[in-house]
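Student: need coordinates for the following:
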Amino acid sequence: MRPLQIKPDPRLSPRQATFWRDFLTDTARPWRRPAEVCWFGDTQSLANLLASYIVSGKKRACISLVRDYESGARMPEIDDLSLVIDGLRRPRAVIRTTRVAIKSFIEVTRDFAWSEGEGPRSRAAWLRQHRDFFRRQAKREGFTFSDETPAVFERFEMIWPKRPAIA
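Tutor: Below you'll find the predicted structure:
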């Protein structure tokens, strides 16, 4: 099979571009850029951990704040394909967005907390962990976070690789 000819994407490192090209070739998809190149968490070690949860299938959801998109960043949409990277910017997986809902942070369900795959996976633990996470973000960025803050609840599936990528 001839390698897929792709247009350069300035967001991707050479390693990430190769991973993305391999994904498109392996799945016989036409050329398209990833909707997003993303890492999960706010530290390198957390990004590594959460990327491993995605690759293992444990993590199938994430949350962000609506305010994160107000500066022009693209809001996730159903069927988006995104490249997940770890804390060292290594490509780990391709995910497909399956659901997006906008509602207050406090409206998280038990099922969503479980699907996020972090910690004990209970709603109470999820609320504690994510309040801490968003309070750190609010302090860094100079805004007020509350339980009523509008949030983007995203669900996804890992679609590639079929087996874990070797780091």
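Student: where do the strands sit along this protein?
Tutor: In the chain, strands defined by DSSP state E lie at 36-38, 61-65, 81-85, 91-104, 150-160, listed in chain order.
Student: walk me through which strands the fourth one pairs with, and which way each runs.
Tutor: When pairing is defined by DSSP bridges, strand 91-104 lines up against strand 81-85 (antiparallel), strand 150-160 (antiparallel).
Student: now do the first one
Tutor: Paired strands of strand 36-38, with direction, are strand 81-85 (parallel) (DSSP bridges).
Student: wait, Arg96 touches Leu81, no?
Tutor: Yes. Arg96 sits in contact with Leu81 when judged by Cβ atoms under 8 Å, with a separation of 5.6 Å. C-beta coordinates here come from the backbone N, C-alpha and C atoms, glycine included.
Student: out of these two, which sits in the more crowded spot?
Tutor: Neighbour tally, Arg96 and Leu81, criterion other Cβ atoms under 10 Å: the higher count belongs to Leu81, 21 against 16.
Student: surely that one meets Ala93?
Tutor: No. The pair Leu81 and Ala93 does not pass the contact test of Cβ under 8 Å, sitting 10.8 Å apart.
Student: any weak-confidence spans in this structure?
Tutor: Along the chain, the parts satisfying pLDDT under 70 run over 1-8, 163-167.
Student: helices of that one, start to end?
Tutor: Counting by DSSP state H, the chain forms helices over residues 14-26, 44-56, 110-116, 123-141, given from the N-terminal end onward.
Student: who wins for proximity to Cys62 among those?
Tutor: Proximity of these to Cys62 was assessed by Cβ to Cβ; the nearest stretch is helix 110-116, lying at 6.6 Å.
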